[in-house]
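*Asks:* give me a model of this one.
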Amino acid sequence: MVRHARQWARSPLISLFRQIALIVGLVLTTNALAAEQLDVQVDRTTLHENQTLTMTVTGQMPFTMDLDTLFNLNDLQLPEPEIKALQQDFEIVGNHQKYSLNSVNGDATATITWTYQLVPKKAGTLTIPSLNFRDAQSSPLTITVRPGAAPPPDGTAPPAFVEVTADKSDVYVQEQLILTVQLYYQGNLIRGDLAQPEQDDAIIETMGEQKEYSRIHSNANYHVVERKYVIYPQTAGTLHIKGIAFNGQARGPDGRLNFLRDTSAPLDIPVKDIPASFTGKTWLPASSLELNETWSDPGRSIAAGKSITRTVELSALGLLGSALPPLEMQYPDAVRSYPDSPELDSSVDSRTVTSSRTQSTALVAVSPGKITLPETRVPWWDTVNDQERVAVIPEQTLTITPGKGAPAAVPPAKSDQAGTPAPPSSGNKAQQTPAANNVESANLWLWISLILATGWALTVLFWWLNRKHKQSADGGTERPVQNNSEPTLFKKLTSAVEAGSDEALTLMPQWAAARFGGHRFRSAGDVARFSGDNELEAALNKLQRHLYARDAAASPWDGSGLKEKLNALREQAQTTTEDESLAPLYPQALHSASGSH
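*Replies:* Numbering: from 1, shown residues only. All right, here's what the predicted structure looks like:
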């Protein structure tokens, strides 16, 4: 034996060749195939909805090895069992595969083990169906899933859970509701999927950024992920918020990978209808609502023929900007109003929604005097004190002064009865000689004459330039200033009508003023009344209900009827009457005043 050992030691190459020959012999040996098998085992047959189930599937298959396979075992592509039927009742949140190779009496066999982490999709009696692997088939298994979350073992806390709370126990329809979703979990979170609230009869917006912090809950340390949502229920009744589900994986302090799953309890929030006592046209439930105005001239004074800008802002807490209605502001005939397109704004932070609607209107003064602008009122519902309130801009007084004329003449100095200018007072100075007085009087009259002559020349020049400008602009006849952009305005109007945009209400009186230049239109309602077409007025009311009624989101918008009526109105012949005609932008009285100097 010692001699043989020494011989092997002296001949290492012979030993290596003999080992390779043995491996090649095993690889090239092909025998009868082993019988294929498939075995399914689970770590438990009873669990709760928030727990995971570990299923182990073991299968065998014949395996033929060669030298290439022997040196590339890690790259083997082994088949998997058919598990599609399993996904009807279970969600697969993790899987793992391992294999081993055996050769007995020349028969090579591969044993493959698949490990699946399963989460039940519902409570009740579920079945793991028969699984197929090549020609093998497993037996079905029955699993009992209890509703709700599994209670933690005595003295321990659950590894993860979800809590959902609302800031109010009940709300009005279209009132703001803040929903807070908190995910508590232990360990180092590797992946996670936290669902978002869903509701068909509500508008849901995310509030602010996601927050992450630590908190002690039930005497255990947790990592917390917090999200907030703002919800506006659109129908009265009950707002049902389904449970928020979480699925994830976390690695515990011991290094083990834990599957986390939980679903919060559902919430039911009563939604109250609009109170019958509410007097406003548009339902506005808010925690705060204000109406403010600013003027380009704080003194509210304007010269005839000039303009001043009035800006009115409606701001609210707890409402989206799209919910704020147009501001109804009436103006007397002494001014002409030209409103700009309204500006809507909404911002969402972690506490509430802030919104505003800003309307700027240019007012052109027509005739001098003091005019009173009526008050502006917006009824709204105070959700904090549960009562109706009214935001008001009190009536305002606007002063219109006459247009500027020629510069005033400098009055002559006082003189005595003989027509000689009175000498200036001597005061404490020495008495001036008569010659000096004559020189000063002559100089004074010279300056007065120059000033008067200059003023008269400027007046004549201003009158001549103004007359030439009018003659070149309109052939020497006074006509109201016409708006030459009627086709552009009408194109914008029809586009806004098709889109169901509130811009159509602003564009309609502007277009009508351009199309029927001798008439005054302050609102879309004025256009409908001017047309005398009941169907046009009905189509306009339909648009306003779509924009601002309580059930605005109940049905899609179809603007074909209103567009057809506007096309018909456009084709009508332009007619004007003395009572309906608009005053010129620069009235005749202003021209006369300018030319009289």
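*Asks:* surely Ala513 is within a helix?
*Replies:* Yes - judged by DSSP: H, G, I helix; E, B strand; the rest coil, Ala513 forms part of a helix.
*Asks:* confidence score at it?
*Replies:* In this model, Ala513 is scored at 85, pLDDT.
*Asks:* pretty sure it sits against Ala524.
*Replies:* No - applying Cβ atoms under 8 Å as the test, Ala513 and Ala524 come out as separate, 11.9 Å apart. (Glycine included, C-beta is placed from N, CA and C.)
*Asks:* overlap in contacts, these two.
*Replies:* Overlap of the contact sets of Ala513 and Ala524 (by Cβ atoms under 8 Å, 6 or more residues apart in numbering) is empty.
*Asks:* please identify the buried residues of stretch 214-225?
*Replies:* By 16 or more other Cβ atoms under 10 Å, the buried positions in stretch 214-225 come out as Tyr222, His223, Val225.
*Asks:* mean confidence score for that stretch?
*Replies:* 92.
*Asks:* residues contacting Leu373?
*Replies:* Taking Cβ under 8 Å, 6+ apart, one finds Met329, Gln330, Tyr331, Pro332, Glu395, Gln396, Thr397, Leu398 in contact with Leu373.
*Asks:* go again with 10 Å.
*Replies:* 293, 300, 310, 329-332, 335, 363, 393-398 (Cβ atoms under 10 Å, 6 or more residues apart in numbering).
*Asks:* name the residue closest to the centre of the chain, please.
*Replies:* Ser346 (6.8 Å; Cα atoms, centre = their mean).
*Asks:* remind me which helix or strand that residue belongs to.
*Replies:* Assigned by DSSP states H and E, Ser346 belongs to strand 343-348.
*Asks:* same for that strand, what does it pack against?
*Replies:* When contacts are defined as 3 or more Cβ pairs under 10 Å, 6 or more residues apart in numbering; DSSP states H and E, strand 343-348 packs onto strand 202-217, strand 220-233, strand 307-317, strand 353-365.
*Asks:* report the inter-axis angle for the last one versus strand 343-348.
*Replies:* In terms of direction (axes from the mean of the first three to the mean of the last three Cα atoms, to 10 degrees), strand 353-365 departs from strand 343-348 by 160 degrees.
*Asks:* give me the angle between strand 353-365 and strand 307-317.
*Replies:* 160 degrees.
*Asks:* the helix or strand following strand 353-365: partners in the sheet, and parallel or antiparallel?
*Replies:* Elements were assigned by DSSP H and E; along the chain past strand 353-365, the next helix or strand is strand 369-373. Sheet pairing for strand 369-373, assigned by DSSP bridges, gives strand 396-401 (antiparallel).
*Asks:* related to what we said a few turns ago, in the strand holding Ser346, what's buried?
*Replies:* Result for strand 343-348 [16+ other Cβ under 10 Å]: buried residues Ser346, Val348.
*Asks:* tell me which strands that strand pairs with, and in which orientation.
*Replies:* For strand 343-348, pairing defined by DSSP bridges yields strand 353-365 (antiparallel).
*Asks:* name the residues of the partner strand that are buried.
*Replies:* Those would be Val353, Thr354, Ser355, Ser356, Arg357, Thr358, Gln359, Ser360, Thr361, Leu363, Val364, Ala365, for strand 353-365 by 16+ other Cβ under 10 Å.
*Asks:* who's the fifth one bridged to?
*Replies:* Put plainly, it is Arg357. Under the criterion used here (DSSP bridges), Arg357 is bridged to Leu314, Leu344.
*Asks:* one more: Tyr213?
*Replies:* According to DSSP bridges, beta-bridge pairing links Tyr213 with Val224.
*Asks:* related to what we said a few turns ago, quick check: the residue nearest to the centre of the chain touching Ser355?
*Replies:* Yes - between Ser346 and Ser355 there is a contact under Cβ atoms under 10 Å: 4.4 Å.
*Asks:* hang on, the earlier thing: reformat the helices and strands packed on strand 343-348 as TSV; add distance to Lys84.
*Replies:* What follows is these, written out as TSV (distance: least, Cβ to Cβ, whole Å):
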stretch	distance to Lys84
strand 202-217	34
strand 220-233	33
strand 307-317	52
strand 353-365	45
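*Asks:* helices of the chain, residue ranges please.
*Replies:* Secondary structure of the chain by DSSP state H: the helices cover 2-10, 12-28, 67-71, 434-474, 486-499, 503-515, 524-531, 534-548, 560-571, 588-595.
*Asks:* can you flag the weakest of these by average pLDDT?
*Replies:* helix 588-595 (a mean of 37).
*Asks:* how about Val392, what does it touch?
*Replies:* So Val392 contacts Leu291, Glu375, Thr376, Arg377, Val378, Pro379 (Cβ under 10 Å, 6+ apart).
*Asks:* would you check which pair of those lies furthest apart?
*Replies:* Farthest-apart pair in these is Glu375 and Pro379; separation 12.9 Å (Cβ to Cβ).
*Asks:* who has more neighbours out of these two?
*Replies:* Pro379 (17 against 12; other Cβ atoms under 10 Å).
*Asks:* can you tell me the closest non-neighbouring residue to that one?
*Replies:* Gly280 (3.3 Å; Cβ to Cβ, 6 or more residues apart in numbering).
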